[in-house]
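Enquirer: Predicted structure and sequence below. I'll ask about it afterward.
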Amino acid sequence: MGREGSSVSGMSESVLKKILLSYLYVSIWIFLSFSVIVYNKYILDPKMYNWPFPISLTMIHMAFCSSLAVLLVRVLRVVELPSSPAMTRELYVSSIVPIGALYAFSLWFSNSAYIYLSVSFIQMLKALMPVAVYSISILFNKESFRSSTMTNMLSISFGVAIAAYGEARFNGLGVLLQLGAVAFEATRLVLIQVLLSSKGITLNPITTLYYVAPCCLAFLILPWAIVELPTLRNTSSFHFDFPIFGTNSFCAFALNLAVFLLVGKTSALTMNVAGVVKDWLLIAFSWSVIRDTVTAVNLFGYGIAFLGVAYYNHIKLQALKAKEAQKKAVPNDEESHNLIEERDNEKMSRKNESQV
């Protein structure tokens, strides 16, 4: 009785520890994501720090992340690069380069949107991410078309459309930039499954930045030289603010690590659910602290989209549970089959012995 009680309490302690760690990972990710979004808005917004150069800011982030990743991998050797399969030049060009290009454009467009749109409205537009991921997954044959799922996607889109209709500071260019960022990011997420996961390539946070960040930086050089470099040359008053850009870049680096930590230790679904909580916190912060206008129509539309996203996450959770149950059932079925086979063999041997 005592042993049973101790095993149950031990089990309870391990479960409790796992739950507390999950909440810790979620809290860290929400805090860092929240910080990076608000920090980027502060730097880029004309009414705040007033440094409207989103490509330059993204390049600073990628240069910082690349340098730290190279330091950790090549110099300090804290992390080892994957050896099976080895990252050959052909594999890098066919897999990493497309993902790096999409990541570059996603960050560029999303950072550009902060110049034109409020933080709250940007978060409302980001609710379209499941719609974009599902649609692009169908195009790449990673998902099958289901009318029920598509109806749910349309409800999310309808809610975001209502939120856009009620936006007090609606800006067409800002909306196009944010929608473009969503499309690029959704395509990147699908291609990670198509180009990396399907080939058995698994990368940790540091090795991902080691491979992707320099590629992302390279793709930003041309648009930066055309769009922002001429203006920066004419801005003689600009000086590189190390405390601002240094801490901002460190937050971006930490966020990249937190994303993979959260997904690796919990699941991508947990991150999606945590993202909904983060969005509501950002909307509340945008309204109460930054003093952005959030209308009743905004909230009503986003409420519809939120319900659609919540239902989508619920369906995903049920599918994951069914998959896990199926995995657990397979060994049991094999064990039963082996027992039946052993019993039949035993009967056969007894029969042969009696005949002898």
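Expert: Now that the structure is in, tell me what you want to look at. Numbers count the residues shown, from 1 in each chain.
Enquirer: mind listing the helices in the stretch 1-150 of the chain by residue range?
Expert: Per DSSP state H, counting those that start in this stretch, the stretch 1-150 of the chain carries helices over the ranges 2-44, 54-70, 89-91, 97-116, 119-125, 129-139, 147-165.
Enquirer: again, but for the stretch 251-356 of the chain
Expert: Under DSSP H, counting those that start in this stretch, the stretch 251-356 of the chain gives helices at 268-288, 296-355.
Enquirer: Quick check: mean pLDDT of the last one?
Expert: Right, helix 296-355. Helix 296-355 carries an average pLDDT of 70.
Enquirer: The shortest one too?
Expert: Mean pLDDT, helix 268-288: 84.
Enquirer: Phe250 is nearest to which of the helices of the stretch 1-150 of the chain?
Expert: Evaluated with Cβ to Cβ, the helices of the stretch 1-150 of the chain place helix 54-70 nearest to Phe250, the distance being 7.3 Å. From N, CA and C alone the C-beta is placed, and that goes for glycine too.
Enquirer: now the angle between helix 2-44 and that closest one, please.
Expert: Orientation check (axes from the mean of the first three to the mean of the last three Cα atoms, to 10 degrees): helix 54-70 against helix 2-44 gives 140 degrees.
Enquirer: angle of helix 54-70 against helix 97-116?
Expert: Interaxial angle of helix 54-70 relative to helix 97-116 (the same axes, to 10 degrees): 130 degrees.
Enquirer: tell me which residues in helix 54-70 are buried?
Expert: Judged by neighbour count using 16 or more other Cβ atoms under 10 Å, the buried positions of helix 54-70 are 54-66, 68-70.
Enquirer: Which of those sits closest to Ala168?
Expert: Taking Cβ to Cβ as the measure, Ala168 lies nearest Pro54 of these, at 22.8 Å.
Enquirer: and the closest residue in space to that closest one that isn't next to it in sequence, what does it touch?
Expert: Spatially, and ignoring its direct neighbours in sequence, Pro54 is nearest to Asn111 (3.7 Å; Cβ to Cβ, 6 or more residues apart in numbering). By Cβ atoms under 8 Å, 6 or more residues apart in numbering, the contact set of Asn111 is 40, 44, 54-55, 57-58.
Enquirer: and the helices of the stretch 1-150 of the chain, which is most packed in?
Expert: Ranked by mean neighbour count, the helices of the stretch 1-150 of the chain are led by helix 119-125 with a mean of 26 (mean count of other Cβ atoms under 10 Å).
Enquirer: which SS class is Ala213?
Expert: Using DSSP: H, G, I helix; E, B strand; the rest coil, the structure places Ala213 in helix.
Enquirer: measure it to Ser95 for me?
Expert: Using Cβ to Cβ, to the nearest Å, Ala213 is found at 15 Å from Ser95.
Enquirer: Looking at those two, which one has more neighbours?
Expert: Ala213 (25 against 20; other Cβ atoms under 10 Å).
Enquirer: Quick check: that one touching Met59?
Expert: No: Ala213 lies out of contact with Met59 (Cβ atoms under 8 Å); the separation is 10.4 Å.
Enquirer: Per-residue pLDDT of the residue nearest the centre of the chain, please?
Expert: Relative to the mean C-alpha position of the chain, the nearest C-alpha, by Cα atoms, centre = their mean, is the one of Val259, at 6.4 Å. pLDDT, Val259: 80.
Enquirer: Likewise for Val119?
Expert: 93.
Enquirer: For it, which non-adjacent residue is closest in space?
Expert: Ser286 (4.1 Å).
Enquirer: Pretty sure the one you found sits against Met124.
Expert: No: judged on Cβ under 8 Å, Ser286 makes no contact with Met124 at a distance of 10.3 Å.
Enquirer: on that earlier part again, out of the helices of the stretch 1-150 of the chain, which gets nearest to Leu179?
Expert: Closest to Leu179 of these is helix 119-125 (Cβ to Cβ; 6.7 Å).
Enquirer: Counting by contacts, list what the closest one packs against.
Expert: helix 2-44, helix 97-116, helix 147-165, helix 172-191, helix 268-288, helix 296-355 (3 or more Cβ pairs under 8 Å, 6 or more residues apart in numbering; DSSP states H and E).
Enquirer: what distance separates it from the centre of its chain?
Expert: Helix 119-125 sits 17 Å away from the centroid of its parent chain (Cα atoms, centre = their mean, to the nearest Å).
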